[in-house]
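Chemist: Have a look at this prediction, sequence included:
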Amino acid sequence: MLKNKYKMIIGTVIMICIIIILFILFKDKLLKILYPKTYSEIISVYAQEYDVEENLIYAVIKAESNFNNEAISNREAIGLMQIVEETAIDVANKNQIEVDIDNIEEELLDIDTNIHIGTKYLSTLLTQYGNIEVALSAYNAGIGTVNNWIEKQIIQADGSDIENVPYKETNNYVRKILRDYQIYSELYG
């Protein structure tokens with residue numbers, strides 16, 4: 001009985017070692033499966049047009065929808081970049097992006113339209129706040145909320161104390177995207 005237990009322990013240790021060795025050998029390939037560059041042609045176009053790093057767009061899409069173009073959140077955010085209808089209409093109107101406002105949900109389920117509006121919105125936030133951390137906070141919690149935090153000095157406008165973001169969801173969201181952004185940058189340059 002004791003002999004069988006030792007055999008089982010040794011077998012388990014050997015399996016763990018094999019898994020670790022395989023992970024080390026194929027780490028980049030496995031990570032590229034977990035962190036894909038889906039929709040690269042579309043992302044590249046809008047990244048260049050709006051001067052947003054491609055890897056940041058991929059990180060936002062990964063966090064928002066995990067590349068599910070049909071995702072709709074319980075807060076009615078739609079598509080790859082999880083944009084609410086009101087924001088989409090506002091961004092489209094301010095930037096002459098042609099969308100059918102009467103069918104905005106269908107428009108946001110369109111991959112190209114969603115990435116177009118989402119990237120433009122992200123670009124606007126990056127310009128407005130001047131740093132990734134605060135821009136991502138606004139992407140998640142809303143511009144009005146973030147402006148209120150800055151005004152009340154809950155967070156600094158330069159993003160230096162982003163850990164003070166009072167919404168746990170937004171705090172985790174920013175950390176997740178920054179982590180994924182770093183992983184995309186290391187994997188793909």
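Modeler: Nice, I can see it. What you see is a predicted model, and the numbers here were worked out from it, not measured in a lab.
Chemist: Helix, strand or coil: sort out the most centrally placed residue in the chain for me.
Modeler: Centrality entry for the chain: nearest residue to the mean C-alpha point is V60, 1.7 Å, by C-alpha atoms, centre = their mean. Secondary structure, DSSP: H, G, I helix; E, B strand; the rest coil: V60 is helix.
Chemist: what about E107, how many residues close to it?
Modeler: 25 (other C-beta atoms under 10 Å). In short, each C-beta sits where N, CA and C put it, glycine included.
Chemist: before we move on, the earlier item: any idea how far the residue nearest to the centre of the chain lies from P166?
Modeler: In this view, V60 and P166 are 21 Å apart by C-beta to C-beta, to the nearest Å.
Chemist: what residue ranges in the chain score low on pLDDT?
Modeler: Scanning the chain for pLDDT under 70 picks out 1-2, 26.
Chemist: domain parsing for it?
Modeler: For the chain, automatic domain parsing gives the domain ranges 1-34, 36-188.
Chemist: deepest of these, which one?
Modeler: Compared across the domains of the chain, domain 36-188 shows the largest average neighbour count, a mean of 18 (mean count of other C-beta atoms under 10 Å).
Chemist: hey, where'd the helices end up in this structure?
Modeler: Taking DSSP state H as the criterion, the chain carries its helices at 2-25, 27-34, 40-50, 54-65, 85-94, 104-109, 111-129, 132-141, 143-151, 168-188.
Chemist: Redo these as a markdown table? Include distance to A71.
Modeler: Shown next, in a markdown table, are these (distance: least, C-beta to C-beta, whole Å):
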| stretch | distance to A71 |
| --- | --- |
| helix 2-25 | 29 |
| helix 27-34 | 18 |
| helix 40-50 | 16 |
| helix 54-65 | 4 |
| helix 85-94 | 14 |
| helix 104-109 | 9 |
| helix 111-129 | 10 |
| helix 132-141 | 15 |
| helix 143-151 | 22 |
| helix 168-188 | 15 |
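Chemist: what's the closest of those to I72?
Modeler: Proximity to I72 (C-beta to C-beta) singles out helix 104-109 among these, at 8.1 Å.
Chemist: so what secondary structure elements neighbour that closest one?
Modeler: Identification of packing neighbours for helix 104-109 by 3 or more C-beta pairs under 8 Å, 6 or more residues apart in numbering; DSSP states H and E yields helix 85-94, helix 111-129.
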